[in-house]
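J.: Fold the stuff below for me.
(2 chains)
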Amino acid sequence: ETGVTQSPTHLIKTRGQQVTLRCSSQSGHNTVSWYQQALGQGPQFIFQYYREEENGRGNFPPRFSGLQFPNYSSELNVNALELDDSALYLCASSTGQVAEKLFFGSGTQLSVL
Amino acid sequence: KQEVTQIPAALSVPEGENLVLNCSFTDSAIYNLQWFRQDPGKGLTSLLLIQSSQREQTSGRLNASLDKSSGRSTLYIAASQPGDSATYLCAVRPDYNTDKLIFGTGTRLQVFP
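T.: Numbering: from 1, shown residues only, chains lettered A, B, ... in the order given. Below is the predicted model of the structure:
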């Protein structure tokens, strides 16, 4: 059984650029959610994908968007990067059942200069 | 608006001590509460999941309790070891239909030999 994997592990971008982060969900999981964790803070929910559709979103602007593919892997896209977007981006997968745990990947550390 | 608070923010103890980490939340309408461990710059490892109908869960040296009506959870770590050094995060699940979790800012634990 493979766990949640994310790529790349680190990324440096400049303000105004666009970035794509990738996530492969754990085997048997069909739901993927993305979180942003600023330094010293708890993770903040960005959005969730189920059956290739976004079905839940946190308080993030539209320049944060995503995709889910038929194999349940997912992408997070951020346009017009701002300095405050510098953070650890975490992907989590689950079976979508409320009583089940979420399993997180190791994250992508994004630095915006 | 649900808010999650963790006390203390940091803790430094000698090896062998029994520890209690506290988590409080403002809205008792939750489906479950999950405790995670996070090593520096890394993803989250799920430790324990307590459903809203449960009072406690145990795994090895870890025991988590939940008092939903008072908005409190505690994580008890028995016989602490240097390998327990990490940040411990609690998170509540407010929604049935999404994997949205609301996190506290964590307790940074250091166990020294």
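J.: Tell me the confidence at A:Gly96?
T.: At A:Gly96, the model reports a pLDDT of 83.
J.: Now for it: which residues touch it?
T.: For A:Gly96, the contact set (CB atoms under 8 Å, 6 or more residues apart in numbering or on different chains) comprises A:His29, A:Asn30, A:Thr31, A:Tyr50, B:Asp99. All C-beta atoms are positioned from the backbone trio N, CA, C, and that covers glycine.
J.: Just the ones of those in helices?
T.: Among the contacts of A:Gly96, no member falls in helices (DSSP state H).
J.: So for chain A, which residue is the most central one in space?
T.: A:Trp34 (3.1 Å; CA atoms, centre = their mean).
J.: Which residues are in contact with residue 39?
T.: Looking at chain A here, since you left the chain open. For A:Leu39, the contact set (CB under 8 Å, 6+ apart) comprises A:Ala87.
J.: Oops, wrong one, chain B.
T.: By CB under 8 Å, 6+ apart, the residues touching B:Asp39 are B:Ala86, B:Thr87.
J.: Quick check on the contacts of A:Gly96: which are buried?
T.: With neighbours counted by 16 or more other CB atoms under 10 Å in any protein chain shown, those contain buried members at A:His29, A:Thr31, A:Tyr50, B:Asp99.
J.: Next one: the last one from A:Leu102, what distance?
T.: Counting by CB to CB, to the nearest Å, the gap between B:Asp99 and A:Leu102 amounts to 6 Å.
J.: Touching both of these two, which residues are there?
T.: Taking CB under 8 Å, 6+ apart as the contact rule, B:Asp99 and A:Leu102 both touch A:Ser33, A:Ala92, A:Ser94.
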